[in-house]
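Engineer: Okay, predicted coordinates and the sequence, questions at the end:
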Amino acid sequence: KLRVRVFDLYLMSAAFEDDGTTETLVSSHDHDEQDLNKDIKTAYKNKDAEQSQKLHEMKSRKKGQYAVVECDADEQNDEKDEHISLDVATEKHKGDAGDFIKSIIFGGLDGIITLFAIVASISGSSMRIETVLVLGFAKLFGDGLSMGVGDFLSEKAEIDFVTSEYKREQWELQNFEEGEIKEMIEIYERKGIDKADAVTILETMAKYPKVFLNHMMAEELELDASIMEDNPLKNGAVTFVSFLIFGTVP
């Protein structure tokens, strides 16, 4: 039987043994991912370069939130089978709220201005307060729904366009890789990068098609390929809810 333990300055391990199989679970020691990202941002706000460097070194040292190591020992020939699975910790800069900050501000600002204008104009008339409230809430719901649907459709259209361009560039890379690399070399040269350096960088990057495609989308087409992973329905819902919440203030 084989026992395996994993030790690291920033990781702690717990192992258990069961019929020749040892499974090691590794979890974060001092900082979980969320707290570590907050500390990194705090160091930046305080312009503490030394602390920021230490935190980033800690981030790079962490192999993941957990690792699973399974080792099976053969009693006759001591051959071992190992399976290692790592969930790599990554630094998330925006966070959940940051993903929808544009929709929150867009919906909220429009809600405040629109409802203030309609309520102020109606309240100056001789209408009863009940009528003013009914008209105000009708405007609130109607405009909020319009804003939410509009945000959803515009976001979806942008994602569809980027996706179509991504597929086109992907096809061109698969069928004429040399031409795509040449185009990128010319773009690098226009940015002032030496041709020899550009060739080295791009030929190396071309070994990793997904990375090269995303870079090509940004440099050649000035499109952000990462938005293909966005959910336009969530953006529309956030805009709608933001409009309702902020629109109730006036």
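Structural biologist: Here it is on my side, so go on.
Engineer: I'd assumed Gly148 was in contact with Thr239.
Structural biologist: Yes. With contact defined as Cβ atoms under 8 Å, Thr239 reaches Gly148; the gap is 4.9 Å. All C-beta spots, glycine's among them, are computed from the backbone N, C-alpha and C.
Engineer: More neighbours: those two, which one.
Structural biologist: Per other Cβ atoms under 10 Å, whichever of Thr239 and Gly148 has more neighbours is Thr239, with 29 against 23.
Engineer: what do Thr239 and Gly148 both touch?
Structural biologist: Gly107 (Cβ atoms under 8 Å, 6 or more residues apart in numbering).
Engineer: For the closest residue to Ile122 other than its chain neighbours, give me its contacts.
Structural biologist: Excluding the flanking residues, the one nearest Ile122 by Cβ to Cβ, 6 or more residues apart in numbering is Val132, at 5.0 Å. Shown in contact with Val132 (Cβ under 8 Å, 6+ apart): Val119, Ile122, Ser123.
Engineer: name the helices or strands packed onto the helix or strand the first one falls within?
Structural biologist: This points to Val119. Taking DSSP states H and E as the criterion, Val119 maps to helix 101-123. In terms of contacts (3 or more Cβ pairs under 8 Å, 6 or more residues apart in numbering; DSSP states H and E), helix 101-123 is packed against helix 129-175, helix 232-247.
Engineer: how about JSON lines for these, with mean pLDDT and distance to Met216 added?
Structural biologist: Output for the helices and strands packed on helix 101-123, formatted as JSON lines (pLDDT from 0 to 100; distance: least, Cβ to Cβ, whole Å):
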{"stretch": "helix 129-175", "mean pLDDT": "89", "distance to Met216": "6"}
{"stretch": "helix 232-247", "mean pLDDT": "91", "distance to Met216": "24"}
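Engineer: Most tightly packed of these?
Structural biologist: helix 232-247 (a mean of 21; mean count of other Cβ atoms under 10 Å).
Engineer: hmm, back to that, closest one to Val211 among the helices and strands packed on helix 101-123?
Structural biologist: Ranking those by proximity to Val211 (Cβ to Cβ) places helix 129-175 first, at 11.6 Å.
Engineer: need the contact list for the closest residue to Val149 other than its chain neighbours.
Structural biologist: Closest residue to Val149 apart from its sequence neighbours, by Cβ to Cβ, 6+ apart: Gly236 at 6.3 Å. For Gly236, the contact set (Cβ under 8 Å, 6+ apart) comprises Ser103, Gly148, Val149, Gly150, Asp151, Phe152, Leu153, Glu155.
Engineer: OK, contacts around the last one?
Structural biologist: Residues near Glu155 by Cβ under 8 Å, 6+ apart: Asp230, Pro232, Asn235, Gly236.
Engineer: Distance check, it against Thr114.
Structural biologist: Here the criterion is Cβ to Cβ, to the nearest Å. By it, Glu155 lies 21 Å from Thr114.
Engineer: So what's the gap between the helix or strand that contains Glu203 and the chain middle?
Structural biologist: If you go by DSSP H and E, Glu203 is part of helix 195-205. How far helix 195-205 lies from its chain's middle: 28 Å, per Cα atoms, centre = their mean, to the nearest Å.
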